[in-house]
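Asks: One predicted model, sequence on top.
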Amino acid sequence: MFGNVTRTLLLTRSATFIALITAGAWISIPFVPVPLTLQTFFVLLAGAVMKRYAAVPAVCYLLLGALGIPVFHNGLAGIGVLLGPTGGYLLGFVPAAVVVGLAYETNRRAIRAAGIALGSMAILGCGVLWLAGSTPLSISAAFIVGAVPFLPGDALKSAAGYLIAERIE
């Protein structure tokens, strides 16, 4: 690996974003049935910084949590968290990171902004579908409970991610 700058950047950025996503999980506002955290902000930012490779820290984060390392919200861990009501949101980190990453491979601001918005919607979409499947809620009820309350916060996190990514590049 000595001398391979691309691989070194991938490893260091992946480790950094795994740590940031984990730290974002600890910044949690209790909400029912899914807490409000800063994890999604760091997933979106990972996509902006790491481009298509942002899936690497997202997948590694999920693997660490599934293996029992307390990286999920409020220090939770285990496969049970992924199978519970919050699992869809967590699994949505991977497609969100990829969508944002692909959007950030262009230099067009409109595509980048749309990519961040779509990434945020991917997390909410996966979460709502999983919530409807893992609870007795219908899709519309899961949307009302599992997406609507988060829309203002996610819009704020998306805007902040976009602005910070503009400064980083």
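Replies: Now that the structure is in, tell me what you want to look at.
Asks: alpha carbons only for contacts and neighbour counts from here, please
Replies: OK.
Asks: Pull up the pairing partners for the helix or strand of the chain with the lowest mean pLDDT, direction included.
Replies: Taking mean pLDDT, DSSP states H and E as the measure, the helices and strands of the chain show their lowest mean at strand 28-29, namely a mean of 76. Using DSSP bridges, strand 28-29 pairs in its sheet with strand 36-37 (antiparallel).
Asks: Mind listing residues that contact the strand it pairs with?
Replies: 24-30, 73, 150 (Cα atoms under 8 Å, 6 or more residues apart in numbering).
Asks: cool, stretch 23-30 as well?
Replies: 35-39, 41-42, 71-75.
Asks: And for residue 157, nearest residue in space, chain neighbours not counted?
Replies: Excluding its sequence neighbours, the residue lying closest to residue 157 (Cα to Cα, 6 or more residues apart in numbering) is residue 41, at 5.3 Å.
Asks: who's in contact with that neighbour?
Replies: If you count contacts by Cα under 8 Å, 6+ apart, residue 41 has them with 24, 154, 157-158, 161.
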